[in-house]
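my questions concern the predicted model and sequence given below.
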Amino acid sequence: MKYIETVNIDIGLQNNNALVITSSQGLGKVIAVFLLREGANVMLSVRSEEKLVAA
């Protein structure tokens with residue numbers, strides 16, 4: 001059986017600002033979610049509002 005071990009890492013991003021490009025899919029989406037969980041203020045940039053809503 002395969003499993004993924006998760007580790008909580010606090011890298012001190014609380015209240016820092018971040019801009020994530022192509023944040024509705026793939027790596028951009030993963031990075032945006034990570035930054036939000038770390039407490040950063042995140043601005044998302046996407047080509048299509050529909051893709052962002054679907055994400």
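In hand now; what should we look at?

residue ranges in this structure under the pLDDT threshold?
Across the chain, the ranges flagged by pLDDT under 70 are 1, 3-4.

what segments of it are strands?
In the chain, the strands defined using DSSP state E lie at 17-21, 41-45.

just how off-centre is the last one within its chain?
The chain centre lies 9 Å from the centre of strand 41-45; the measure is Cα atoms, centre = their mean, to the nearest Å.

just the CA atoms of it, as CSV, please.
Extracted C-alpha coordinates of strand 41-45, given in CSV (Å, rounded to 0.1, in the frame of the first residue of the first chain):
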residue,chain,number,x,y,z
ASN,A,41,-2.5,37.2,1.2
VAL,A,42,-2.8,35.7,-2.3
MET,A,43,-3.8,37.5,-5.5
LEU,A,44,-4.7,35.1,-8.3
SER,A,45,-4.1,35.7,-12.0
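
now for that strand, which elements pack on it?
strand 17-21, helix 26-37 (3 or more Cβ pairs under 8 Å, 6 or more residues apart in numbering; DSSP states H and E). All C-beta spots, glycine's among them, are computed from the backbone N, C-alpha and C.

between these, which one is nearest to Val7?
Across these, Val7 has its closest neighbour in helix 26-37 (12.3 Å, Cβ to Cβ).

got the buried residues for that closest one?
28-29, 31-32, 34-35 (16 or more other Cβ atoms under 10 Å).

okay, those in a markdown table with distance to Lys2 next?
Conversion of the buried residues of helix 26-37 to a markdown table gives the following (distance: Cβ to Cβ, whole Å):
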| residue | distance to Lys2 |
| --- | --- |
| Gly28 | 26 |
| Lys29 | 23 |
| Ile31 | 24 |
| Ala32 | 26 |
| Phe34 | 22 |
| Leu35 | 27 |
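
sorry, back to before: want to throw the strands of the chain into JSON lines with mean neighbour count?
Listed next are the strands of the chain as JSON lines, based on neighbours: other Cβ atoms under 10 Å:
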{"stretch": "strand 17-21", "mean neighbour count": "15"}
{"stretch": "strand 41-45", "mean neighbour count": "15"}
